[in-house]
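1. Provided below for reference: sequence and predicted model.
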Amino acid sequence: MATPKIDMGAPATDGCEPVTAESSWSAAVGQGGGVLRSVQIGALELETGGLLTSVTVAFECWGTLNAAGTNAVLIQHALTGSTHVSRGDSEEDGWWEGLVGPGEVIDTNKYFVLCANMLGGCYGSTGPSSIGDDGVPYGSRFPFVTIRDSVNAEAKMADRLGITSWHAVIGGSMGGARALEWAITFPERVHRCAVVAACAASTAEQIAFAQAQVLAIRQDPNFAGGDYYDDVAPTAGLGLARRIAHITYRSEAEMGQRFGRAAQDGENPVSGKRLPSKPGRSRTERYRVESYLDHQAHKLVGRFDANSYIVITEALMSHDVTRGRGTLKEALYRAQDVEFLVAAVNSDRLYFPAQSEELAAALPGENTVRRIDSPIGHDGFLTEVEAVGNLLKASFFPV
Ligand SMILES: CC(=O)SCCNC(=O)CCNC(=O)[C@H](O)C(C)(C)COP(=O)(O)OP(=O)(O)OC[C@H]1O[C@@H](n2cnc3c(N)ncnc32)[C@H](O)[C@@H]1OP(=O)(O)O
Ligand SMILES: N[C@@H](CCO)C(=O)O
């Protein structure tokens, strides 16, 4: 079998436009955005005691940073998201297209917007596929990182870019976990924080779903302990991980209505024949929902690195803003001067609205959970861009 081509976006050290202390990068950014840039932040000590000796943080940005460095907005991507929030000058739509730009809810005539790739990711920041000090990819040697480690790396990035504080830090799902961690770790640098479809600590069920995904990859014979970069990538394991995850991202009602028990066009899943599956497909004769999940798996395998998937998933499993900080109320009290927006998707069965209620109740001050109506489940925070925009406009970006 040929080695599948994995398009992981621009690698950390090649293809990103490097930002150095000397470059007048903010002036050069202008309005457009859509260009992957990177900063070197040096060594990073990790929460659990490890050390990354040389770390790159990749980001995209839109708008212009003001002289005081105070008009900046940080948008945090979800588990398999990239830095590409908005099309900007590029040709490819972003994952929150329409939210950021001149005259949009987050108006880049006023605000400077930035999205950084998570530490351990595969969209430009240092991750398992990056080349280590010895000239070979980290692979199995990439250390365990936490959400807090990524936030610390992002703070060093902000220092390097001259961003003293954020007008707002905004994120959905894992991006919401990162946004909340920012507000609690650096409350003096965050004025407003939006936590969408996320909670204060990963729950037992979220950890359980994550374990199945991680094991799917680790048990792929091509995983080779994580050192597969010179060989065949563990695409079957990554594809299975995505299938498991994707089911949790959608609602039972949506799947029932959309696919029901229908057969995929031209296929007959109850023919009784046991035909061998084709590469990238669960089997040859499928229900429509199987074909849909095969497609979602195929798409992720084409754009994501399996080791990064494990590293980021394990970071999300570790998410707990109370670690080392007392009770939930005590931990959140650190962010008493931060203005919060907590929002949940009404049909979310991965990050239940009740968990957002729990977070809102524990935050200092009065906080009401805002509802995003969507029949599809967790992914509603990505598909209901207008609803997310309306909430942000009302709370953080009045015209
Ligand atoms: C390249 C990057 O940088 S991506 C990074 C940014 N992305 C993210 O952050 C999130 C990752 N993306 C996602 O999670 C999802 O794609 C979402 C949530 C954004 C999309 O949700 P939706 O718009 O509801 O898409 P939906 O789940 O309906 O999937 C549509 C796809 O399924 C396909 N599909 C639908 N039914 C079937 C079927 N029976 N068999 C096969 N494929 C099917 C459609 O053809 C479509 O394919 P396409 O995406 O290749 O065009
Ligand atoms: N579809 C999203 C869901 C995770 O929140 C992603 O792939 O990042």
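-> It's in. What you see is a predicted model, and the numbers here were worked out from it, not measured in a lab. Numbers count the residues shown, from 1 in each chain. Ligands and ions are numbered 1, 2, ... in the order given.

2. CA only for contacts and neighbour counts going forward, please
-> Will do.

3. how about the residues of the stretch 51-200 of the chain near ligand 1?
-> Contact residues, the stretch 51-200 of the chain versus ligand 1 (C-alpha under 6 Å from any ligand atom): Ala78, Thr80, Gly81, Ser82, Trp95.

4. one more time with 8 Å
-> His77, Ala78, Leu79, Thr80, Gly81, Ser82, Thr83, His84, Val85, Gly94, Trp95, Tyr123 (C-alpha under 8 Å from any ligand atom).

5. and those near ligand 2, which?
-> Answer for these near ligand 2 (C-alpha under 8 Å from any ligand atom): His77, Ala78, Leu79, Thr80, Gly81.

6. Filter the residues you listed down to the ones in helices?
-> Among those, no residue falls in helices (DSSP state H).

7. for the chain, which residue is closest to the average position?
-> Central residue of the chain (C-alpha atoms, centre = their mean): Ala78, 2.1 Å from the mean position.

8. how about stretch 279-295: buried residues?
-> 280-295 (16 or more other C-alpha atoms under 10 Å).

9. Could you list which residues are in contact with Arg349?
-> By C-alpha atoms under 8 Å, 6 or more residues apart in numbering, the contact list for Arg349 reads Thr248, Tyr249, Arg250, Ser251, Gly377, His378.

10. what ranges do the strands span in this structure?
-> Secondary structure of the chain by DSSP state E: the strands cover 17-18, 37-45, 51-62, 72-76, 100-101, 106-107, 112-116, 166-172, 192-196, 339-345, 370-372.

11. Now these in TSV, please, with extra columns for distance to Ala233 and mean neighbour count.
-> Formatted as TSV, those follow (distance: least, C-alpha to C-alpha, whole Å; neighbours: other C-alpha atoms under 10 Å):
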stretch	distance to Ala233	mean neighbour count
strand 17-18	28	18
strand 37-45	26	19
strand 51-62	24	23
strand 72-76	28	25
strand 100-101	35	24
strand 106-107	39	21
strand 112-116	26	27
strand 166-172	29	26
strand 192-196	33	27
strand 339-345	35	25
strand 370-372	38	20
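
12. List, one by one, the residues from the stretch 101-250 of the chain near ligand 2.
-> Proximity of the stretch 101-250 of the chain to ligand 2 (C-alpha under 8 Å from any ligand atom) is limited to residues Gly172, Ser173, Met174, Gly175, Ala245, His246, Tyr249.

13. hmm, 5 Å instead?
-> Contact residues (C-alpha under 5 Å from any ligand atom) of the stretch 101-250 of the chain with ligand 2: Ser173.

14. of all of the stretch 151-300 of the chain, which residue lies closest to ligand 2?
-> Nearest residue of the stretch 151-300 of the chain to ligand 2, counting by C-alpha to the nearest ligand atom: Ser173, 4.6 Å away.
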